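[1] From the sequence below, what's the structure:
(2 chains)
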Protein chains: 2
Amino acid sequence: MPKVRFEPGETVVEVPSGTLIAEAARQAGVALALPCGGQGRCGRCRVIVQQGQVHRRSTQRLLAEEIQAGWALACQTLIEQDTLIAIPPQERIGRPATGAQRQAATTALPFPYDPQTDQPIRQYLLRLPPPSLEDQTDDWSRLQRELRRQYGLGALTASVPVLRQFSQRLREANWHVRAVIEWHAWDRPEGPARLLDLLPADEPGRLWGAAVDIGTTTVTVYLVDLQTGQVAAQAADYNAQIARGEDIISRIIYAGKPGGLEELQALVRETIHRLLAQACQAARANPGQVYKMTVVGNTTMMHLFLGVPPEAIRLTPYIPTVNHWPSVPARQLGLAIHPEATVDCLPGVASYMGADITAGVLSSGLADTEQLTLFLDIGTNGEMVLGNREWMISCAASAGPAFEGAGVQSGMRAADGAIEEVWISSQTFEPSWQVIGQQRPRGICGSGLICLLAEMFRTGLIDKAGNFNFQTPTDRLRRGRHSGEYVVAWATETAHGEDIVITQVDIENLLRAKAAIYAGFTVLARQVGVRLEEVGQVLIGGGFGQSMDVEKAIQIGLLPDLPWERFQFLGNTAVRGAYYGLLSRQMRRRLTEIAQKITYWELSADNSFFEEFNAALFLPHTDQSLFPSVADIAAKQEPGTF
Amino acid sequence: MPKVRFEPGETVVEVPSGTLIAEAARQAGVALALPCGGQGRCGRCRVIVQQGQVHRRSTQRLLAEEIQAGWALACQTLIEQDTLIAIPPQERIGRPATGAQRQAATTALPFPYDPQTDQPIRQYLLRLPPPSLEDQTDDWSRLQRELRRQYGLGALTASVPVLRQFSQRLREANWHVRAVIEWHAWDRPEGPARLLDLLPADEPGRLWGAAVDIGTTTVTVYLVDLQTGQVAAQAADYNAQIARGEDIISRIIYAGKPGGLEELQALVRETIHRLLAQACQAARANPGQVYKMTVVGNTTMMHLFLGVPPEAIRLTPYIPTVNHWPSVPARQLGLAIHPEATVDCLPGVASYMGADITAGVLSSGLADTEQLTLFLDIGTNGEMVLGNREWMISCAASAGPAFEGAGVQSGMRAADGAIEEVWISSQTFEPSWQVIGQQRPRGICGSGLICLLAEMFRTGLIDKAGNFNFQTPTDRLRRGRHSGEYVVAWATETAHGEDIVITQVDIENLLRAKAAIYAGFTVLARQVGVRLEEVGQVLIGGGFGQSMDVEKAIQIGLLPDLPWERFQFLGNTAVRGAYYGLLSRQMRRRLTEIAQKITYWELSADNSFFEEFNAALFLPHTDQSLFPSVADIAAKQEPGTF
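    Model (predicted):
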């Protein structure tokens, strides 16, 4: 049987002659996306046949010179002999095929973890000599005395609720106990250690921690074994606050209503509780033994989580109450973890540059690299950081929620039923799409909108300015109630029995969103006197980034026109940074240093931003020289050529 | 007009010839007690006429040799010419006549107070530059930045509730604020300072503190101006817990019932609230501006105040949960002072040697003197400390509550209607008494019982063993239902229409109580190898001590037979120690040192205590050589001589 080897990596499989490359890849465990289900329509499974003979059943979406260079569609190409197949970077990176692989990819620690030195939460087994008339030392001093004798610990402190149970617990455990202690908090190196819990020595128990990312849309929880440093389980779900406003601004306004702040706080707390319960069940953990939590989120989410009014965040000059939060006992927040657990809200930079970005900068490695790096988190606000380990400058482009599916007629969040990828035939102008959850579509999410925009542009359905070309021979393009629109899915194909369309107004929204982001990093680069071509790597964080198509994003001018291998999709960098901060005091200090080191550039006070923004309102850009790779497409769709 | 000079002091008054010494003293502002109202019956207003001629209208209760030595009853003796009158120590010390003098006496500070160095609660006036697009520093960092710039302060911390109001307060105050800050707690010298409150700069406000002594019976509050160090007002009242048990043991038992602990905690909290409200009203202070509180009390009271189960305190080997408490935010205790106020529960020594004694040792000066000193706090447990600035040994004699009026048929607390002093005529065996609140008597309190016992012994109504002499020619001595009894007040004279009596059983209880105390300090002295005669001063603290008659207490063998001038009545030494600890970090450290330095001697584990106890069950003692001053009385009342 022919042997097929996949690169990069050393994976080799033997398959019968006539096997599809896609099937061989599956058997080899190589992640390869087949968005159109292997029909040869989307062209997303392109691979390069570097050695060996293959048979191409179809070459749809491949140019002649590409075929000459060895490109083939994995879903349409048969193995004939020993073959060496290269998987291009875009398909490889950050697109693991299965949940298990994804988990492994996101939770591997990039630093050695020694709980005895890094972790402030520790436990000590102790056998105390019982008191007697000859030794009437009080219970609390007795514990401290033995901790000093047996482990060399210094003075302890404890809260009154812990002391209330203290004597009874000592006696019930017959003076043989496990003391859970938080060594000095990371930011108070001289403070006393603190007793969190006292348990019978023979009762099994683990030390758990939780890292939480509170996104405006999605909340993610990692449940972490503090002794091994491993992520034991993770869970993610919608932020229940969505019912009270989809974007940050509407939440801030809601928080200003009577009882609104308390309601929003309760909603996100309930979401965290639900996710923790889920993760704890999966890991057979007890939420009451979660002794520490780190939390990240954008600055507004942090304020709402702590019940601090976020009002001033939305009003010029956009001032948060706090960027560097003091740590808070879980009891004070009513969190259903151990009541003595410290909740450590990680530091942010500014009103629109939150702890999620600080954490992302840490976990992405930006803060440790010498290479000039652009870190992007494309959500409502499109936060971005440009820099390296020496310096970092950041801004938040008010991209608006279009890429999150809001403000777009058929837009929706990246949830089941969302069209996440679209391809349009340049012959028939018929679309095909990939739907999350393999079901009938209900709408289009951000990555789908990027695809759609790029495909409409590539096929000439719209011009550089985003205007529809009504000359196009297709009944999908029509004049809608308010503006022109293109029908992505007919009512008969959709879940809700209505056409899924993209309108001229939607396109303008999307152009503004992508222009804001492109203008953002352009301004940042100019601020520090570097050219975008010098950017050695573009690190894309956030759930959105994980499913974005780099090629398409470059085609519409959302991402800079750099070689694909410079882009890396890192998934949820925010929760990962929270996870690092949970484990290691060193990492926790780095987070504060990073937050202090990042310069925040307020775009609303920068006139050049508006110039750049206007220049970027075209596909891919007014200045085509910035997008050489898109030159051939762009040349065809000059405005007014229709 | 004749001039009358009183000693000690330089007070001189001119009065018409024929003026009573008592009236001259009143005009001179010299404190002189007239317990029987000036009838010449009680002999308590004895003074020494050192120079000059007087006329004695009555010499009742004076011996011939006393008259010869110049003694006279101030209420029965008329001035005739220039006179020099000496007030004996017992009447002088600790018996200030008026409330105002008493307050002045107890609140004078024995150390210089500099709030800028001693007091951790401080306030800072600040004008913050408002934020702008050019300076988007978050509010919390902005405050810290200006505190650093203008006052050189380091990093701050704050609770979430403070941060919740923070931005709004800054803006409402138009960035001109008064920040109330607690510098590092006394026990965490390296910890960060903490923001307690933020107020408009133009709003007047003071920094208040409160020192609280939680007695089993009485709670005392000092309201203190932290900027001047002065006591602005004080208040005292019954501990509302009394309704749930009069002594410590019954409270501990009550605390063990479902909901009992929470109820006791709520009761003492309400008492403190009432007293604070009272003191704040008197000083025109706002309880919400009380930023710090120190609390003392016996160990059980401290546990109940904090809601910590006191169960193990009453069970051998008598172990408290905590002697050295961590400080607690007022919010956690539901105290109606500023919610961020630190409540500092001062350290105790053992289950029956509480923070009230530590504080008493500090404020009495025992811990600073070279002189061998005995500190006594005679309540239910008769705590005592023997030592000096080099060493201290202590014990608690289970005196029982007899001296607090409990366990005695007609006993009551030192409250309105209590007979507090008694004198018995050695001719008629008729008693006369002084009642608290100048009303009909309802019972007899501790000091009255001491007097009564001494008077019955002096007049031969009882013998050395405390047995009634039924030969005595008086109808007041009778055989009651269970034992013999002496009628102190007939039903027709009392408030409740029943005879007030002292029974044989009562006398036995009182003998056991006084024997326990005498045995206690005898054992302590032997432990450290000193003789009681070497004790240079006896310092008596507690409300009880303030009204005790030293002469009588020596006659019954409760106090050692030392010259009167060695005894000092110091009033509430506990609240005063709490007051010192409230003001000064230096004093606060001393309190911890004292608590650590005091050796606690467990009498229940000491056989010699029982021997001493049995030997002390007689009046004044089995070994009469220990009480030379009482020899003449004792010689007459040998047991069995009746």
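
[2] Now the stretch 501-642 of chain A against chain B: closest residue?
    Nearest to chain B, among the residues of the stretch 501-642 of chain A, is A:A605, at 4.1 Å (C-beta to the nearest C-beta). C-beta here means a position set from N, CA and C on the backbone, and glycine is covered the same way.

[3] roughly how far apart are that residue and A:R526?
    Distance, A:A605 to A:R526, by C-beta to C-beta, to the nearest Å: 15 Å.

[4] A:T117 now?
    Applying C-beta to C-beta to A:T117 and A:R526 gives a distance of 44 Å.

[5] between the two, who's got more neighbours?
    Of the pair A:T117 and A:R526, A:R526 is the one with more neighbours under other C-beta atoms under 10 Å in any protein chain shown, namely 15 against 9.

[6] Report the helix or strand with the lowest average pLDDT across chain A.
    The weakest-scoring helix or strand in chain A, judged by mean pLDDT, DSSP states H and E, is helix A:99-107 (a mean of 40).

[7] Check which element follows it along the chain.
    helix A:115-118 (DSSP states H and E).

[8] For stretch A:424-433, the averaged confidence score.
    Averaged across stretch A:424-433, pLDDT comes to 92.

[9] Could I get the buried residue list for it?
    A:424, A:429, A:431-433 (16 or more other C-beta atoms under 10 Å in any protein chain shown).

[10] would TSV of those residues with distance to chain B and secondary structure be doable?
    Shown next, in TSV, are the buried residues of stretch A:424-433 (distance: C-beta to the nearest C-beta, whole Å; DSSP: H, G, I helix; E, B strand; the rest coil):
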residue	distance to chain B	secondary structure
A:I424	43	strand
A:F429	47	coil
A:P431	44	strand
A:S432	47	strand
A:W433	42	strand
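
[11] State the distance from the spatially closest residue to A:S132 that is not a sequence neighbour to A:P131.
    Of all residues not flanking A:S132 in the chain, B:P317 sits nearest, at 5.2 Å (C-beta to C-beta, 6 or more residues apart in numbering or on different chains). Distance of B:P317 to A:P131, given as C-beta to C-beta: 5 Å.

[12] between those two, who's got more neighbours?
    A:P131 (19 against 16).

[13] Would you agree the more buried one is in contact with B:T316?
    No - with contact defined as C-beta atoms under 8 Å, A:P131 does not reach B:T316; the gap is 9.6 Å.

[14] Kindly state the beta-bridge partners for A:Y486.
    A:L477, A:I502 (DSSP bridges).

[15] Up against chain B, what does the stretch 301-450 of chain A have?
    Counting by C-beta under 8 Å from any C-beta of the partner chain, the stretch 301-450 of chain A comes close to chain B at A:306-309, A:311-312, A:316-326, A:328, A:332-333, A:350-351.

[16] Since ChimeraX is what I'm using, could you give me a select command covering these, but only where they're buried?
    Here is the ChimeraX command that picks out the buried ones among these, judged by 16+ other C-beta under 10 Å:
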select /A:306,307,308,309,311,312,317,318,319,320,321,322,323,324,325,326,328,332,333,350,351
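
[17] Which of the residues of the stretch 301-450 of chain A next to chain B fall within helices?
    Those of these mapping onto helices are A:306, A:311-312, A:332-333, per DSSP state H.

[18] B:G520: which of those residues is nearest?
    A:Q332 (45.9 Å; C-beta to C-beta).

[19] What residues does the closest one make contact with?
    B:159-160 (C-beta atoms under 8 Å, 6 or more residues apart in numbering or on different chains).

[20] Which pLDDT value goes with it?
    At A:Q332, pLDDT is 93.

[21] separation between it and A:S159?
    Here the criterion is C-beta to C-beta. By it, A:Q332 lies 10 Å from A:S159.

[22] swap in A:A283?
    Note on A:A283: its distance to A:S159, by C-beta to C-beta, is 27 Å.

[23] Likewise for A:E493?
    Distance from A:E493 to A:S159, by C-beta to C-beta: 60 Å.

[24] Kindly report the same for A:W140.
    Using C-beta to C-beta, we find A:W140 at a distance of 12 Å from A:S159.

[25] neighbour count winner among those two?
    Set A:W140 next to A:S159 and count neighbours by other C-beta under 10 Å: A:W140 wins out with 24 against 18.

[26] give the contact list for the more buried one.
    A:W140 touches A:158, A:163, A:166, B:321-324, counting by C-beta under 8 Å, 6+ apart.

[27] which element follows the helix or strand it falls within toward the C-terminus?
    Using DSSP H and E, A:W140 falls within helix A:139-151. Following helix A:139-151 in sequence order, the next helix or strand is strand A:156-157 (DSSP H and E).

[28] give the contact list for A:R178.
    A:123-126, A:198-201, A:203, A:205.

[29] Could you tell me which of these are located in strands?
    Judged by DSSP state E, these include A:123-126, A:198-200 as members of strands.

[30] which of the residues you listed lies closest to B:S364?
    A:L198 (37.5 Å).
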